[in-house]
Structure formats: structure tokens, C-alpha cells
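Peer 1: Any chance you could fold what I've pasted below:
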Amino acid sequence: MRSTALVAAVLSTLPLLELIPGSHAAPTMLSDSDNNNLRGRPVSVSYSLVEQRTTTQGDNSMPSSSFGRVLQTVLNTSEEQQHIEDLDTHYPLFLSNKDRTGRKLAGDAHDMVVEVTYEHIYAILVFLIAATALGIFTSKLGMPALVGEIITGFLLGPPLAHFVPYPKALVLVGEIGLILLILEAGVELDVAQLRETGTKAFNIGFTGTILPLVVGMGLVMASDTNIGIKSALAVGASFSPTSLGVAASALKQGKMLDTPVGQLIVSACVVDDILGLILLSMFQVLVEVDPPIIAYFIPIISSIGFLLVLGGSAVTWLPKFIQNKILNKVPEQHRELTMFSIMTAMLLAYLPLLNYTKSSYLTGAFLAGITFSQIESAHHSFMKKTHQLMTWLLRVFFAASIGFQVPVTLFSDPYVIGWGFILYACVLAKFPLMFYVPKFEDVDEGSSYNPFLRDRLITGLAMTCRGEFSFIIAAFALGKGLISVQIYAAIVWAVFLSCTTSPFILLSLIKYFNKQQLEYLKATNPSKQIAGSI
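Peer 2: Numbering: from 1, shown residues only. Below you'll find the model as predicted:
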């Protein structure tokens with residue numbers, strides 16, 4: 001009733017509006033009896049009295065801007081807003097254009113409020129707890145936690161149960177986790193080791209892009225001679241990129257990420273992903289009608305150029321400049337905050353720079369991380385501040401960004417399953433990349449522990465990990481009509497097998513060689529065995 005009393009007070013002061021400069025129309029007059037009648041009555045009745053008075057006074061109704069603003073402020077509920085709209089419909093001169101703008105803003109205020117329901121909150125909570133629990137369960141079975149997280153995603157997400165609200169928002173959060181993971185991989189990079197194995201990493205990445213592309217094209221064209229070259233390229237390209245997120249997660253869980261072979265794999269995955277995104281950019285040009293020739297070369301020029309310029313700076317002069325010219329001059333208590341501020345600024349600059357120049361924004365995250373790989377205590381500070389956050393973000397990444405892409409309902413089709421197993425040959429096509437791995441440790445003849453064989457097998461298995469980029473390329477091809485829904489589902493099935501079985505075999509292999517290493521150390525040097533077990 002308070003708003004009604006205020007309306008009555010406003011309407012009772014209408015005669016004073018006659019004194020406002022620029023208002024030349026005669027005011028709408030309400031009698032004392034009308035004012036008394038307004039008090040304690042519903043707002044709709046108050047409007048009826050206003051309409052009655054304005055009707056009896058004919059064309060002397062007043063376009064009062066001041067009255068419109070006060071009335072709009074008072075009547076701010078959706079029901080009362082409707083009364084103003086009715087009033088404006090019957091008496092268009094009653095509110096000025098400025099009043100109508102104010103009224104529209106007030107009406108839009110309801111749309112500006114971001115509301116979530118209890119049901120949505122509860123569903124998200126159940127989803128996160130289920131992903132965590134199933135991840136723990138699969139890890140207890142000897143598989144990576146990401147397997148359980150992916151299963152949670154397609155069971156509770158859009159592919160099957162549609163239980164999870166805001167799936168796009170969760171995918172977005174997961175992609176942020178991927179960016180942080182690649183940023184961490186850059187921070188952990190051993191630049192000295194990279195200088196020694198950089199050529200090997202490029203060879204692994206380049207060959208690893210070509211082999212699945214050729215195998216995929218050959219399989220599809222052999223099965224259907226009428227299929228177009230673009231469609232065959234799309235199938236092969238879907239298996240070209242190795243998932244740095246999946247591979248790095250498995251290597252990190254096996255404590256191999258910061259080893260020489262782990263650094264080689266990370267570098268090769270970055271090259272591999274860059275080349276895969278170049279393929280995607282070229283596909284975007286291929287589906288256009290008569291694209292200019294330069295459009296085919298822009299992704300290549302951009303990626304190579306930024307790797308040379310930004311990557312070269314990140315491993316040469318830029319870390320020294322940040323360390324000596326900035327961090328060393330900052331008080332020690334503020335040094336860590338300053339370092340994170342610079343890292344964040346570089347990340348926010350590199351992401352759009354590489355994305356809008358047709359390269360990969362993930363490469364920008366990696367280059368920003370490399371810049372701090374040679375800065376004192378950067379890695380320790382990064383892990384200390386982001387470990388818990390990254391754990392949850394990556395959990396969402398595997399459950400949503402990957403799990404939501406699995407069309408599990410189509411897996412009942414024998415054609416899809418059959419072609420999925422056939423296309424798994426594209427995944428295995430990267431396993432021979434193991435022969436590029438150099439010898440990082442000496443091998444004793446006759447010893448059961450062979451670190452050279454370990455490094456080769458780990459590299460071959462890590463490069464068979466597939467993930468987010470495969471889904472992106474396959475979804476793009478499906479959207480452009482290059483492949484059928486069944487072939488898309490078959491690709492996803494093969495990729496799903498890869499991102500679940502490859503990390504599982506990889507972790508099992510790491511555990512096997514770790515056990516052999518401990519037995520070897522125990523037999524050759526008990527003191528080293530004790531130190532290694534600690």
C-alpha cells in the first residue's frame with residue numbers, strides 16, 4: 001500500500017508541475033475528493049481515476065516529464081509497469097519520449113537480474129560430486145581419474161540424461177582449465193632440454209600430424225570411392241592432433257611430466273596441436289566459395305611467425321628482462337604478486353593475439369608460460385597458488401568439455417561401433433613416433449630395466465591420446481555437411497576409446513618401469529634405492 005500512497009501524493013501535486021519551465025500545457029487537475037479516494041486503494045483504481053480526470057479535461061492532458069519520472073520510480077514492479085504501459089497506450093501524450101526510455105529501462109531491469117533456481121544449484125552440485133567420486137573410483141581401478149570424469153559427463157550431461165543445467169557454461173569453465181594446464185606446461189618446460197630436443201619434438205609433431213591424416217583418408221576413400229576429398233580430409237584431420245590436456249594429465253599423474261621425455265612429449269604435442277589447428281583453419285577456408293589464395297597461408301604464416309618471435313623471446317632475453325629489470329627491483333613481499341600480474345597480463349595479451357591471427361590461442365597460453373620457465377621460483381609459486389583451482393577446473397574440463405561431446409545414444413548402431421574400431425587405426429598410427437626418441441639415459445647391458453625402451457614406449461602411447469581438438473574438427477566437419485552423423489559418431493567413439501585406454505595403458509606402463517627401476521637400484525646400489533623410494 002505504500003506505493004499507492006506515494007502515487008496519490010504525486011498525483012495530488014500535479015498542479016505544481018504547471019510551474020516547470022517548458023511545460024505549456026494545462027495541468028491535469030484532481031479534486032480533493034479524488035485525492036482522498038486514491039489513498040488506500042489499489043494502483044489500478046488510481047489509474048482509473050487519473051484516466052477519468054484526463055478524459056473529462058479533453059486535450060488538456062499534460063505531457064509532464066517530471067511526473068513521468070517520479071511515477072516510473074514509484075511503480076517499479078512488473079504488475080505496476082503494465083499499468084503504465086496501458087496508460088501510455090490510451091494517453092500517448094501523458095508520457096514524454098524520455099519517460100518512455102526510463103520506463104523501458106525499468107522494464108528491462110527484470111531481464112537484467114541473473115537468477116538461478118535451487119534445482120539448478122543442486123544439479124550442478126550432484127554433477128561435480130559424481131565426477132569427483134567416479135574419478136576416484138576409476139583411479140582406484142588403476143585407470144586415470146579422467147576416465148571416470150568423462151563417463152560422468154556423458155551419463156549426466158546432454159548426450160544421455162540431460163540432468164546438468166547450463167552445459168555451455170560448464171564447457172566454458174572446462175576450457176579455462178585447459179588454458180591453465182597448458183600455461184603450467186609452459187612454466188614447467190625445461191628450456192635447456194628443449195634446445196637439445198627441439199628438432200626431435202618438431203619431427204614428432206609434424207610426422208604425428210601427417211600419419212593419421214593419410215591413414216584416415218585412405219580408410220574412408222577405400223570404403224567409398226564416391227566420397228569427396230574434403231570429406232576424407234576431414235576424417236583424417238580429426239585424428240591428427242594429440243590432446244596435450246589428456247597426455248599431460250596422465251604424465252603428471254605418473255610423475256613424468258618434468259622428465260626429459262615428458263618435456264619432449266609436451267613440446268611435440270604443442271607442435272602437433274598447432275599443425276592440427278592450421279588444418280582446421282584451412283578447412284574453414286576450403287568450405288568457402290572462391291576464397292583468396294592468401295587465406296590458405298595466413299594460419300601457417302601466423303603460427304610460425306609467432307613461434308619464432310614470441311617463442312624466441314620467451315627462451316632468450318625476455319625472462320632476463322622480467323627477472324632483472326622488474327622483479328629484482330620489487331620488494332620481496334610483493335614479488336610474487338608482481339610476477340603473477342605480469343604472467344596474467346601476458347596471457348590476456350597472447351590469447352587474442354594468436355586467436356585473431358588464425359593461430360591457436362592455446363599456443364598463446366603455452367608461450368606465456370614458457371616466458372616464466374626460467375624465472376626463479378616461478379614454477380613453485382604457480383603450483384602453490386593454482387593447484388587446487390586447476391584440479392577442479394580440469395575435472396570440469398574432462399567431464400563437460402569432453403564428456404558432453406560423446407553421442408552415447410548412437411553407440412547402439414553396429415555401423416558406428418564397427419567404423420569406430422576401424423578408425424582407431426588412425427589413433428595407432430602415431431605409435432611409431434616412438435622411434436624418434438633419443439637416448440636420455442645409459443642402458444646397462446643385460447639389465448631388466450631399460451630406460452631407453454621406457455621413454456620410447458611412453459612417447460608412443462602419449463602421442464596416441466586424443467581429446468578436445470578431435471571433437472572440434474569432427475564437429476566442424478559435421479556442421480559443414482562434410483561427414484554424416486554416423487561417421488561423426490564413429491570418430492567420437494574412436495576418440496573416446498583413445499582418451500580412456502591410452503592414459504590407462506600409459507600409467508600402467510609407467511608403474512611397471514618404476515617398479516623395475518626400484519628393483520634395479522636395489523640390486524646395484526641400495527643407498528640409491530632408499531633415496532629413490534623416499
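Peer 1: Pull the number of nearby residues for residue 348.
Peer 2: By the criterion of other Cβ atoms under 10 Å, residue 348 has 12 neighbours. Every residue, glycine included, has its C-beta placed from N, CA and C.
Peer 1: next one: phi and psi at it?
Peer 2: When quoted as degrees, to the nearest 10, the phi and psi of residue 348 stand at phi -70, psi -20.
Peer 1: Please report the distance of it from residue 504.
Peer 2: Using Cβ to Cβ, to the nearest Å, residue 348 is found at 36 Å from residue 504.
Peer 1: my read: residue 155 touches residue 161, true?
Peer 2: Yes - shown here, residue 155 and residue 161 form a contact pair, counting by Cβ atoms under 8 Å, at 6.2 Å.
Peer 1: Among those two, which residue is more densely surrounded?
Peer 2: Comparing residue 155 with residue 161 by neighbour count (other Cβ under 10 Å), the higher total belongs to residue 155, at 19 against 11.
Peer 1: counting contacts, what elements does the top helix by length along the chain pack onto?
Peer 2: The residue-count maximum for a helix in the chain (DSSP state H) belongs to helix 485-524. In this structure, helix 485-524 packs against helix 145-156, helix 229-238, helix 244-253, helix 414-428, helix 451-462, helix 468-479, helix 526-533, with contacts taken as 3 or more Cβ pairs under 8 Å, 6 or more residues apart in numbering; DSSP states H and E.
Peer 1: Apply 6 Å and report the result again.
Peer 2: Applying 3 or more Cβ pairs under 6 Å, 6 or more residues apart in numbering; DSSP states H and E, we find helix 485-524 packed against helix 244-253, helix 414-428, helix 451-462, helix 468-479, helix 526-533.
Peer 1: Can you check which of the ones you listed gets nearest to residue 498?
Peer 2: Nearest of the helices and strands packed on helix 485-524 to residue 498, taken as Cβ to Cβ: helix 414-428 at 4.6 Å.
Peer 1: tilt between that closest one and helix 451-462?
Peer 2: Counting by axes from the mean of the first three to the mean of the last three Cα atoms, to 10 degrees, helix 414-428 lies at 140 degrees to helix 451-462.
Peer 1: Tell me how far the spatially most central residue of the chain lies from residue 246.
Peer 2: In the chain, the residue lying closest to the centroid (Cα atoms, centre = their mean) is residue 175, at 2.0 Å. Distance, residue 175 to residue 246, by Cβ to Cβ: 14 Å.
Peer 1: How about residue 366?
Peer 2: As judged by Cβ to Cβ, residue 366 and residue 246 stand 16 Å apart.
Peer 1: Low-confidence regions, the stretch 301-450 of the chain specifically.
Peer 2: The model of the stretch 301-450 of the chain has no residue with pLDDT under 70.
Peer 1: what sits against residue 127?
Peer 2: When contacts are counted by Cβ atoms under 6 Å, 6 or more residues apart in numbering, residue 127 touches 156, 164.
Peer 1: what about residue 140, neighbour count?
Peer 2: For residue 140, the neighbour count with other Cβ under 10 Å is 10.
Peer 1: Then residue 444?
Peer 2: By other Cβ under 10 Å, neighbour count at residue 444 equals 12.
Peer 1: if I pick it, what's in contact with it?
Peer 2: By Cβ under 6 Å, 6+ apart, the contact set of residue 444 is empty.
Peer 1: Give me the phi and psi for it.
Peer 2: Residue torsions, per degrees, to the nearest 10, at residue 444 are phi -80, psi 130.
Peer 1: Please tell me how far it sits from residue 454.
Peer 2: For residue 444, the distance to residue 454 - Cβ to Cβ - is 14 Å.
Peer 1: same check, this time on residue 119
Peer 2: Distance, residue 119 to residue 454, by Cβ to Cβ: 50 Å.
Peer 1: Any idea how many residues pack against the residue nearest to residue 447 when sequence neighbours are not counted?
Peer 2: Distances taken as Cβ to Cβ, 6 or more residues apart in numbering place residue 520 nearest to residue 447, at 6.1 Å, with adjacent residues excluded. Neighbours of residue 520 under the rule other Cβ under 10 Å: 20.
Peer 1: what helix or strand does the residue nearest to the centre of the chain sit in?
Peer 2: According to DSSP states H and E, residue 175 maps onto helix 167-187.
Peer 1: in that helix, what counts as buried?
Peer 2: Buried residues in helix 167-187, defined by neighbour count with 16 or more other Cβ atoms under 10 Å: 167, 170-171, 173-175, 177-187.
Peer 1: With the flanking residues excluded, which residue is spatially nearest to residue 120?
Peer 2: In space, residue 120 is closest to residue 165, 4.3 Å off (Cβ to Cβ, 6+ apart).
Peer 1: Most tightly packed of the helices and strands packed on helix 485-524?
Peer 2: Scoring those by mean neighbour count under mean count of other Cβ atoms under 10 Å gives helix 244-253 as the most buried, with a mean of 25.
Peer 1: Could you pull up the mean pLDDT of it?
Peer 2: What helix 244-253 shows for mean pLDDT is 85.
Peer 1: what's the angle from that helix to helix 167-187?
Peer 2: Going by the same axes, to 10 degrees, helix 244-253 is angled at 60 degrees with respect to helix 167-187.
Peer 1: just the angle between helix 244-253 and helix 485-524, please?
Peer 2: Here the directions of helix 244-253 and helix 485-524 differ by 20 degrees (the same axes, to 10 degrees).
Peer 1: In terms of secondary structure, what does whichever helix or strand comes after helix 244-253 contact?
Peer 2: Per DSSP H and E, the first helix or strand lying C-terminal to helix 244-253 is helix 260-286. Counting contacts by 3+ Cβ pairs under 6 Å, 6+ apart, helix 260-286 packs against helix 191-223, helix 244-253, helix 294-306, helix 451-462.
Peer 1: how about helix 260-286: buried residues?
Peer 2: 260-283, 285-286.
Peer 1: So the residue nearest to residue 418 when sequence neighbours are not counted versus residue 417, what's the distance?
Peer 2: Nearest residue to residue 418 in three dimensions, chain neighbours excluded: residue 490, at 7.9 Å (Cβ to Cβ, 6+ apart). For residue 490, the distance to residue 417 equals 8 Å [Cβ to Cβ].
Peer 1: Same question for residue 306.
Peer 2: Counting by Cβ to Cβ, the gap from residue 306 to residue 417 is 41 Å.
Peer 1: do residue 482 as well
Peer 2: Residue 482 is 22 Å from residue 417, by Cβ to Cβ.
Peer 1: for residue 367, same thing?
Peer 2: Per Cβ to Cβ, residue 367 is found 40 Å from residue 417.
Peer 1: Find the nearest non-adjacent residue to the residue nearest to the centre of the chain, please.
Peer 2: residue 401 (5.9 Å).
Peer 1: Could you give the number of residues near that neighbour?
Peer 2: Neighbour tally, residue 401, other Cβ under 10 Å: 26.
Peer 1: again with the one 10 residues further on
Peer 2: Using other Cβ under 10 Å, residue 411 has 18 other residues around it.
Peer 1: now it, what's its secondary structure?
Peer 2: At residue 411 the chain is in helix, as set by DSSP: H, G, I helix; E, B strand; the rest coil.
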